[in-house]
Structure formats: structure tokens, C-alpha cells
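K.L.:
Model the following, please.
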Amino acid sequence: RLDDSYMHAAVSSRLVSLALLKKYKARGGVGAERGVVGSAHAGGGSVGASSFTSPSSPSRGGVRERKTNAIDVFRFVQNHRRRRADDEEAEDDEKKRSKDVVVIFAWFGSEKKHVAKYAHMYEDKHEEVIVVAPPALASLSPKLTTQIANDFLRIFREKDVEGVHVHSFSNGGFLFAGNLLHHASDKRDDKECKINVELAKKWKTKIKSVTLDCAPARLNANVISRAFASVLLGSRVEDIYDNDAKEGGGESRMGELAKSALDVLAETLLSDENLQRKINNAYAAWETELDTNVPLKMLFSESDKLVPVNEVQEFAQRQRARGNARVFTKCFKNVPHCEIGRWHQDEYMKVLFDEKI
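P.N.:
Sure, this is the predicted structure:
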């Protein structure tokens with residue numbers, strides 16, 4: 001017989017699931033939406049992100065196409081109305097922009113409008129950036145995750161892409177991208193969710209570089225519980241659990257019942273054999289399916305509450321052991337999870353675009 005505390009936690013866990021569903025529905029329906037985007041769209045504070053000035057050139061504008069509720073495509077074009085016809089320097093800059101596509105796999109539970117600033121970082125280097133931001137609810141619904149994956153891959157059927165540069169955030173982006181790598185391999189099980197294998201293979205062969213931002217870490221109940229807390233409270237993990245070291249481990253903004261509910265939800269998720277298999281397959285794919293000739297940049301923080309430094313460094317070492325001679329790691333100090341680009345914007349962008357690394 002379950003004791004009362006566990007029953008309360010189980011009920012609260014159900015309420016957490018309903019809250020995630022409400023947040024997902026609040027993001028709006030599926031459809032297409034077009035509109036002009038600029039630095040104003042690159043702001044907004046949310047889980048793991050806060051607003052800051054866009055580094056984009058003021059002479060450029062862009063169009064954001066809403067593919068689905070979880071996918072945006074940013075197309076950056078030079079604003080000819082603000083450029084003289086004889087401006088040869090601007091013309092040369094335009095020619096230098098890569099025709100390759102940047103794909104951003106966002107962090108767990110992120111809002112696309114808060115990921116947009118990272119898309120704008122690529123504005124002067126690339127013409128197109130695809131942002132994939134699965135809602136937190138996707139972690140509870142393999143069917144939803146599969147739908148988002150196929151919606152993303154369908155873009156590669158609609159257009160001829162020369163190359164892909166992957167920028168993946170946190171464990172959420174790492175897991176989503178790893179799932180695609182798994183389905184692009186010969187190790188997939190035909191009984192698994194029906195992700196388009198042909199398009200997954202096409203996407204994989206196009207990858208020219210990978211940046212892992214605050215990832216990866218082993219997914220245990222504690223990590224998942226903290227991620228859910230961050231999504232539901234709309235705060236950084238560091239702000240929620242900032243008393244751990246200062247005051248002997250107290251929970252700064254989490255009551256015991258709420259924490260128990262999140263812990264139960266996390267443990268329930270990890271006890272699901274199908275989900276655990278999916279996680280294992282995705283993580284394994286990163287260690288076996290990524291081409292060792294693809295440059296890998298890994299950016300992380302020593303004070304990250306979700307991703308321990310040693311786990312990132314161990315992953316990097318395993319990639320080098322596989323034969324990848326172009327693994328670059330950069331550790332930043334005193335930066336919250338997924339906020340390196342805000343706290344150290346200039347240094348962050350220098351690392352992103354330094355082709356010698």
C-alpha cells in the first residue's frame with residue numbers, strides 16, 4: 001500500500017503533466033506564419049535564456065517562416081533599400097555568406113522566440129537558419145517527437161541543401177539530434193517510431209560541423225526533475241537550486257511536495273522501457289554514427305547545474321579516441337546553463353565562427 005506522501009507526489013506529478021500540456025497549447029496551433037524579424041525578436045527571458053542585443057548588422061533584415069509549432073526557418077537577406085547600388089563592400093560581404101544551412105536544436109522546453117537570438121548570430125555568415133524547439137511535452141509523447149522529427153526532415157526533401165551546421169543545446173537538443181542520427185544508421189529497429197529513414201540519412205550526410213552547447217550529461221532522475229522545474233517555474237536551474245552550496249542544500253524556490261512530484265515524474269519516465277531505449281539509442285548514436293571528419297566544438301560552463309564538466313570532457317575524449325582530431329572544448333566560468341552566449345557574447349561568437357578551430 002502506497003503511503004500518503006507518495007500518493008500526494010503521484011497526484012502532483014499528474015498535475016505537472018497537465019501543466020506541460022497547457023504550456024504546449026499556449027504556444028499556438030500548427031500552421032504557416034510569415035513576418036519580418038529583427039533584433040527585437042531576438043530578445044525575451046526564459047528558461048536558460050535572457051534578452052540581449054542582437055549582433056546582426058543593421059543593414060540586414062530577414063523573414064521568419066513558421067513551419068510548425070516547433071519549427072521556424074529564418075531567412076536573412078540584405079536590405080537593398082538601405083544599400084547603395086555602388087556599395088561594392090556590401091556586395092562582397094553578401095557573396096561571402098555561406099549557402100549551407102544552420103540547424104539549431106534547442107534546449108528542453110524552450111520557446112522559439114527565446115532561441116531566435118542564436119539564429120541571429122549566424123545572420124552575417126549564413127542565409128538560412130532552421131530552429132527546432134520541441135516543447136517539454138514532447139518528452140512525454142514519443143508520437144509528438146516523431147511528428148516533429150519528420151516535419152524537420154521534410155525540409156530536406158523540399159530543397160537541395162549543400163551542407164548542414166548543427167548547433168545543439170543542452171540534453172534536449174542532444175537527445176533529439178541523437179535520435180535522428182540513430183534512425184539514419186543501420187542499427188535502428190523497424191518496430192521503432194516511424195521516422196523517415198531516407199531523409200534522416202540525407203540530413204546526416206550533409207553535416208559539416210557540430211557545436212554542442214552545454215551538453216551532454218547522463219540523463220538521470222535528478223537531471224530530468226531539475227529540467228522540469230526550470231520549465232514550469234520559467235527560471236534558471238541555478239536560481240531554483242542556488243542554495244545547494246550556500247545554505248547546506250536547501251531548495252530556494254521548490255517546496256518539498258513540488259519537488260517530490262517532479263522526482264516521481266522523472267522516475268516514471270525513466271522506468272518506461274521504450275523511452276529508456278530511445279535515450280540509450282540516441283546517446284549511442286552520437287558515439288558511433290557521427291562522422292569523425294566532422295569538426296566538433298563543445299562549449300560548457302563549470303558552474304552548470306545540469307551538465308557536469310567531467311561528463312562533457314569524457315564525451316570529448318571518447319570522440320578523440322574514435323579518431324576525430326578536430327574536437328575543440330571551451331569551458332567558461334560562472335555561467336548559468338545555456339547562457340554562455342549572453343554572458344560572453346563576443347568570445348562565444350569568436351569560437352562559433354573561427355574556422356581554424
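K.L.:
can you give me the helices in the stretch 51-200 of the chain?
P.N.:
For the stretch 51-200 of the chain, helices defined by DSSP state H, counting those that start in this stretch occupy the ranges 88-96, 112-121, 142-158, 170-183, 197-206.
K.L.:
So which bits of the longest one are buried?
P.N.:
To tie it back to what came earlier, the one meant is helix 142-158. For helix 142-158, burial by neighbour count (16 or more other C-beta atoms under 10 Å) applies to 142, 144-149, 151-153, 155-156. C-beta here means a position set from N, CA and C on the backbone, and glycine is covered the same way.
K.L.:
can you put those in JSON lines and add pLDDT and distance to Pro308?
P.N.:
Below are the buried residues of helix 142-158 laid out as JSON lines (pLDDT from 0 to 100; distance: C-beta to C-beta, whole Å):
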{"residue": "Pro142", "pLDDT": "78", "distance to Pro308": "27"}
{"residue": "Leu144", "pLDDT": "86", "distance to Pro308": "29"}
{"residue": "Thr145", "pLDDT": "88", "distance to Pro308": "25"}
{"residue": "Thr146", "pLDDT": "91", "distance to Pro308": "30"}
{"residue": "Gln147", "pLDDT": "92", "distance to Pro308": "32"}
{"residue": "Ile148", "pLDDT": "94", "distance to Pro308": "28"}
{"residue": "Ala149", "pLDDT": "95", "distance to Pro308": "28"}
{"residue": "Asp151", "pLDDT": "95", "distance to Pro308": "33"}
{"residue": "Phe152", "pLDDT": "96", "distance to Pro308": "29"}
{"residue": "Leu153", "pLDDT": "96", "distance to Pro308": "32"}
{"residue": "Ile155", "pLDDT": "92", "distance to Pro308": "34"}
{"residue": "Phe156", "pLDDT": "87", "distance to Pro308": "34"}
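K.L.:
of the helices of the stretch 51-200 of the chain, which approaches Ile224 most closely?
P.N.:
Comparison of the helices of the stretch 51-200 of the chain against Ile224 by C-beta to C-beta identifies helix 170-183 as nearest, at 8.7 Å.
K.L.:
Just give me how far that closest one sits from the chain centre.
P.N.:
Centroid displacement of helix 170-183 relative to its chain, using C-alpha atoms, centre = their mean, to the nearest Å, is 9 Å.
K.L.:
try stretch 121-139
P.N.:
8 Å.
K.L.:
What residues of that stretch count as buried?
P.N.:
By 16+ other C-beta under 10 Å, the buried positions in stretch 121-139 come out as 121-139.
K.L.:
Include distance to Phe315 when you put the buried residues of helix 142-158 into TSV, please.
P.N.:
Converted to TSV, those look like this (distance: C-beta to C-beta, whole Å):
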residue	distance to Phe315
Pro142	25
Leu144	27
Thr145	22
Thr146	26
Gln147	29
Ile148	25
Ala149	23
Asp151	28
Phe152	24
Leu153	25
Ile155	28
Phe156	27
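K.L.:
re the thing from before, mind checking which of the buried residues of stretch 121-139 are in strands?
P.N.:
With strands defined by DSSP state E, the entries of those inside them are 126-132.
K.L.:
Pick the one among these closest to Val351.
P.N.:
For these, the nearest to Val351 is His126 (16.2 Å; C-beta to C-beta).
K.L.:
For the closest one, give the beta-bridge partners.
P.N.:
Ser98 (DSSP bridges).
K.L.:
Thought Phe76 was touching it, still the case?
P.N.:
Yes. The pair His126 / Phe76 is scored as a contact, 7.3 Å apart, by C-beta atoms under 8 Å.
K.L.:
Distance-wise, check Thr329 relative to Val197.
P.N.:
Thr329 sits 32 Å away from Val197, taking C-beta to C-beta, to the nearest Å as the criterion.
K.L.:
more crowded one of those two?
P.N.:
Per other C-beta atoms under 10 Å, whichever of Thr329 and Val197 has more neighbours is Thr329, with 18 against 15.
K.L.:
Show the backbone phi and psi for that one.
P.N.:
In terms of degrees, to the nearest 10, the main-chain angles of Thr329 are phi -120, psi 140.
K.L.:
Help me confirm that it comes into contact with Phe315.
P.N.:
No. Using C-beta under 8 Å, Thr329 makes no contact with Phe315, being 9.5 Å away.
K.L.:
For these two, list the residues in contact with both.
P.N.:
Common contacts of Thr329 and Phe315 (C-beta atoms under 8 Å, 6 or more residues apart in numbering): Met298.
K.L.:
need the contact list for Lys356.
P.N.:
Lys356 neighbours (C-beta under 8 Å, 6+ apart): none.
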